[in-house]
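Novice: predicted model and sequence below, questions to follow.
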Amino acid sequence: MANEAKFKCLRCGHEYMGPYIPGNPQERTCPNCRSNSVRRLGEDRGE
Amino acid sequence: MMDVGRHPRIELLTYTEIEDISGFIGNFHVKVRKKAKFVVEKDCVTCNDCVPVCPVVTFDEFQNGLSSRKAIYIPFPQAVPSSYVIDINKCLSGTKPISCSRCLEACDKKCIDFDMKDEIVEFDAGTVVVATGQQVFDPSGLDEYGYSKYGNVVTSLELERLLSSDGPTGGHLIRPTDGRAPKTIGFVQCVGSRCDDPAQGSPYCSNICCMNTIKDSLLIRDHFPDTEIRVFYTDIRSFGKGFEDMYKRSKEMGVKYIRGLPGDIAEDPVTKKLTVTVENTTAGRVEQHDLDMVVLSVGLQPHEEDPIKQMLTLCKTSDGFYMEAHPKLRPVDSVTAGVFYAGTAEAPKDIKDSVTQASAASSRAGILLNAGKVKVQAITATVDPAKCTYCNVCVQACPYKAITPLDRAKKITPQVVEAACAGCGLCAAECRFDAIEQHHFTDAQLIAQLEAMLEEDPQDKVAVFACNWCSYAGGDAAGTSRFQYPASSRIIRTMCSARTDEKFIMRAFEMGAPIVLVSGCHISDCHYIDANRWTHRRVDRLWNRLERMGIRPERLQLEWISAAEGQKFAKTMREIEEMRKAVTPEEIEYTKKAIREANERAARPRGKALSQVGG
């Protein structure tokens, strides 16, 4: 079940909301710069 | 199929389901459920005496519901072995013949056996060929084509049955609503294929639909010359041997090709004729075509639920079809050694391509079976029992199930089955106790590369960990394509991005690297099933750890770059070079100090350092 989460691009700094499935990492792409260095914010631990 | 059934060295297990497949190349163990047919196969002579007496009439799946069958039936006309089956879910008797049993009474050979039970059959296999096929797109959800509303809108598969001599009409083409021969037929191409909207279908071309329509149009014009045929299309893709000739022949025979897909199909409630509204993009006008029948050329889709994938540790591409070990060099091999693909399980393809792939798969399997032994690359992993703490992480992580389960009570440490190990190095990176090493990609070797790389002027360099199959090849593609990128990047090649241990990254920062990039195959495109998802999780963890240590997470970058994305590789390197320039000497010094202090703290109680080599 996909939840909404806040993401931050560590390349361009763009922040956005996107779908997030706990425990199942999906490819994240920054809508602004197309980088994959996108970090989920709000929880200090990995997936 | 008859040849297969008669072949002395082929055992055909029909009406069966795979329960489980375990093991590895040369040592697969297969368990199948042979479902009860309730008819003794070897005694049945298909005399047909049982069918007329069966009172149950039900939907015939093989004829797509265009005709009916009885509860006792032959699944399709050329079924091998040719014997009847009782559909026990439809049979009035169920497993209690007392309630009906008319077939039992009608069968002189006494073939009916209601006491028959499902049977579990187990056998060993050296290799496995996966030929699980595909399903066709269901156009019921596409309102504009009216498939679920209008009786004279049929799919290409239903037309196939109507044109077949063993179909419900014996090969006579009729309109489903009135049984009369249609005089005008329209084919709508790309139904459920090449769609941007997932609700409308799949994004890929289904490969077979254009030629199937051309074949059907030729067949109809041959058998029913008065029938007018119009094909609504976006492109006609007739790229196979002899296919362009067929396309030209169909045009010469009067089939009209109209470039544009219908926006609407409406039905006259009295005559049941269909009016197709389409923008003819060649003529640049909106046209209406009155037709007796419309055929939706439906695309192919992968099976959604597929337990075989889990059993054989296979992986699928983003379109849902099985992924090959290499699209050009090993197109019939799966990512799991000893498992091959044939047919549309791997991608949509026509009969000729399916037969070609099946021949290749059987040859590939035969080579292995004849050799009797396999060569594995010397990059497999090995467990050091002295360091193993029985944490079980490696067993859970291995995408190939190549690590045998441990037993803490009996002090049995995990063992790597070398024939099954593909050499991704994920287990070596995940083991926190350095109890696993990957041959030729050991911690010591990779750290030595890193230290040599950052020995001089580390502040001017970007440490890049790139996987062998995609990102490293992407770097190659950038070079051969002459895409310019800064010379500051220094690449360490690993077989998979999942081999990039946390301690390598921390060691790079400790040695003064301003930026570290971890790069691998796109998710769902990993050459080691799903190992790069572990890379993703690890980088996520490290971003949090760096932040806790007061180090900017931005200095650790992640990028998925395929072998074809040379341009992306160069663009990424250019962007990262700009980031490198922004990292100050003070920031680098702070990072070194923070990591050294963390290592010292970690070394005090447990003797484990963040960037310590070899534990």
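Specialist: Alright, I've got the coordinates.
Novice: for residue 20, which non-adjacent residue is closest in space?
Specialist: All of this is about chain A. Excluding its sequence neighbours, the residue lying closest to A:Y20 (CB to CB, 6 or more residues apart in numbering or on different chains) is A:A5, at 3.6 Å. To be clear about C-beta, it is placed using only N, CA and C from the backbone, and glycine gets the same treatment.
Novice: wait, chain B
Specialist: Nearest non-adjacent residue to B:D20, counting by CB to CB, 6+ apart: B:K31, 4.4 Å away.
Novice: need the contact list for the one you found.
Specialist: By CB atoms under 8 Å, 6 or more residues apart in numbering or on different chains, B:K31 lies in contact with B:I18, B:E19, B:D20, B:I21, B:I120, B:V121, B:E122.
Novice: what pLDDT does residue 47 get?
Specialist: With no chain named, the answer covers chain A. Note on A:E47: pLDDT of 40.
Novice: nope, chain B
Specialist: The model reports B:C47 with a pLDDT of 93.
Novice: who in the stretch 501-615 of chain B is up against chain A?
Specialist: B:522-524, B:533, B:536-538, B:540-544, B:547-548, B:553-554, B:556-560, B:572, B:575, B:579 (CB under 8 Å from any CB of the partner chain).
Novice: re the thing from before, need the buried ones from the contacts of B:K31 selected in ChimeraX.
Specialist: Provided next is the ChimeraX selection string for whichever of the contacts of B:K31 are buried by 16 or more other CB atoms under 10 Å in any protein chain shown:
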select /B:18,21
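Novice: secondary structure, pLDDT and distance to B:D319 for the contacts of B:K31 - can I get that in CSV?
Specialist: As requested, the contacts of B:K31 are exported to CSV (DSSP: H, G, I helix; E, B strand; the rest coil; pLDDT from 0 to 100; distance: CB to CB, whole Å):
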residue, secondary structure, pLDDT, distance to B:D319
B:I18, strand, 95, 23
B:E19, strand, 96, 28
B:D20, strand, 95, 27
B:I21, strand, 95, 24
B:I120, strand, 97, 34
B:V121, strand, 96, 33
B:E122, strand, 97, 34
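Novice: specify the local secondary structure of whatever residue of the stretch 201-350 of chain B ends up closest to chain A.
Specialist: Nearest to chain A in the stretch 201-350 of chain B, going by CB to the nearest CB, is B:S318, at a distance of 9.1 Å. Under the three-state scheme (DSSP: H, G, I helix; E, B strand; the rest coil), B:S318 adopts coil.
Novice: neighbours of the closest residue to it other than its chain neighbours, how many?
Specialist: Leaving aside its sequence neighbours, B:S318 sits nearest to B:S524 (CB to CB, 6+ apart; 4.7 Å). For B:S524, the count of nearby residues is 18 (other CB atoms under 10 Å in any protein chain shown).
Novice: and B:S524, what does it touch?
Specialist: Contacts of B:S524 (CB under 8 Å, 6+ apart): A:E27, B:C315, B:K316, B:T317, B:S318.
Novice: pull out the buried members of the residues you listed.
Specialist: Using 16+ other CB under 10 Å, the buried ones in the contacts of B:S524 are B:C315, B:K316, B:T317.
Novice: now render these as a markdown table, adding distance to B:C391 and pLDDT.
Specialist: Formatted as a markdown table, the buried ones among the contacts of B:S524 follow (distance: CB to CB, whole Å; pLDDT from 0 to 100):
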| residue | distance to B:C391 | pLDDT |
| --- | --- | --- |
| B:C315 | 26 | 87 |
| B:K316 | 30 | 88 |
| B:T317 | 33 | 87 |
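Novice: dump the residues you listed into a markdown table; add distance to B:Y204 as well.
Specialist: As requested, these are exported to a markdown table (distance: CB to CB, whole Å):
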| residue | distance to B:Y204 |
| --- | --- |
| B:C315 | 17 |
| B:K316 | 13 |
| B:T317 | 10 |
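Novice: coming back round to it: filter the residues of the stretch 501-615 of chain B next to chain A down to the ones in strands?
Specialist: The strands, defined by DSSP state E, take in B:L556, B:Q557, B:L558, B:E559, B:W560 from these.
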